[in-house]
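*Asks:* this one's sequence-less:
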């Protein structure tokens, strides 16, 4: 069975994946150039993600969409199991959003240009001024119900387990006065773990939890950031059946 799928991956999946990715990127760039960037900056990615998951033979299930208000902007925070996380979030979250991306992605052919044209948020890691610039960019982007997705662990899990969250996502949520929505991802670590190039067909699940209320002026940013971080990590840890880190 492994040999058959290995052949399928390299002879069928990869050529189709490359074609679908190039088509999605070109559609995004042209659509954003001549049409509504809110539409073309999001929906080609949805189609790309669903088609990719289908040809990878990885069925996806989503729960909790009823917890979201389509007119509300959110900061979505998700555990980061592997590269296939992108398929779950892009394809099945059901809420227009922008990614917060490192500038190195700009160097990827087609994809980097599509991300730039579609208004993704580029993280400026040059220091305090860079962080302020990133927050201002996020503020200008998160309007009319658009949201942002951030992986607060900072990188893909090396063992499939949940790791300690960093404060960046929650600082942005506090500064923008936006609610946090914890999202639990299950399955991508088994599909394509960090450091591997071999895809393993597996079911994937996306669980959208209830929003955690935004930080208020009365609460204060520092206390609010800590609350958002710990509540989010607790919700995701319990959903995964893992210990809650203090």
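*Replies:* Arrived safely. This structure is a prediction, so every number in the text was calculated from the model and none was measured.
*Asks:* distance of residue 171 from residue 133?
*Replies:* To residue 133, residue 171 is 14 Å away according to C-beta to C-beta, to the nearest Å. The way it works is simple: take the backbone N, C-alpha and C, and place the C-beta from them, glycine included.
*Asks:* I should have written residue 31 there, sorry.
*Replies:* Distance from residue 31 to residue 133, counting by C-beta to C-beta: 27 Å.
*Asks:* Neighbour count for those two, which is higher?
*Replies:* Set residue 31 next to residue 133 and count neighbours by other C-beta atoms under 10 Å: residue 31 wins out with 19 against 15.
*Asks:* Would you mind pulling the contact partners of the helix or strand hosting residue 135?
*Replies:* According to DSSP states H and E, residue 135 maps onto helix 128-141. Residues outside helix 128-141 that contact it (C-beta atoms under 8 Å, 6 or more residues apart in numbering) are 98, 100, 119, 121, 122, 123, 124, 148, 172, 175, 176.
*Asks:* now with 10 Å?
*Replies:* With C-beta atoms under 10 Å, 6 or more residues apart in numbering as the test, helix 128-141 has contacts from 73, 75, 97-98, 100, 119-127, 147-148, 150, 168, 171-173, 175-176, 178.
*Asks:* Is it possible to mark the buried ones in the residues you listed?
*Replies:* 73, 75, 97-98, 100, 119-124, 147-148, 150, 168, 171-173, 175-176, 178 (16 or more other C-beta atoms under 10 Å).
*Asks:* ok, how many other residues are close to residue 151?
*Replies:* Residues near residue 151, counting by other C-beta under 10 Å, number 24.
*Asks:* Let's verify the nearest residue to it once chain neighbours are set aside: helix, strand, or coil?
*Replies:* Spatial nearest neighbour of residue 151, excluding adjacent residues (C-beta to C-beta, 6 or more residues apart in numbering): residue 80 at 4.0 Å. Taken by DSSP: H, G, I helix; E, B strand; the rest coil, the conformation at residue 80 corresponds to coil.
*Asks:* pretty sure residue 17 is touching residue 55, no?
*Replies:* Yes: using C-beta atoms under 10 Å, residue 17 is in contact with residue 55, at 6.9 Å.
*Asks:* re the thing from before, dump the residue contacts of the residue nearest to residue 151.
*Replies:* Contacts of residue 80 (C-beta under 10 Å, 6+ apart): 150-157, 162-163, 185, 188-189, 194.
*Asks:* That one and residue 105, how far apart?
*Replies:* 15 Å.
*Asks:* So in this structure, where's the weakest helix or strand by average pLDDT?
*Replies:* helix 128-141 (a mean of 74; mean pLDDT, DSSP states H and E).
*Asks:* The closest residue to residue 193 other than its chain neighbours: neighbouring residues, count only.
*Replies:* Among residues not flanking residue 193 along the chain, residue 82 sits closest, at 5.7 Å (C-beta to C-beta, 6+ apart). Using other C-beta under 10 Å, residue 82 is surrounded by 22 other residues.
*Asks:* swap in the one 5 residues further on?
*Replies:* Residue 87 sits with 25 neighbouring residues when counted by other C-beta under 10 Å.
*Asks:* got the contact list for it?
*Replies:* Residue 87 sits next to 48-54, 56, 58, 60, 188, 191-192, 204, 206 when contact means C-beta under 10 Å, 6+ apart.
*Asks:* mean confidence for the helix or strand in which residue 23 is found?
*Replies:* Assigned by DSSP H and E, residue 23 falls within helix 14-34. Average pLDDT, helix 14-34: 96.
*Asks:* Leaving out chain neighbours, which residue sits closest to the residue most central in space within the chain?
*Replies:* By C-alpha atoms, centre = their mean, the chain has its centre lying nearest to residue 149, at 4.5 Å. Using C-beta to C-beta, 6+ apart and skipping residues adjacent in sequence, the residue nearest residue 149 is residue 76, 4.5 Å away.
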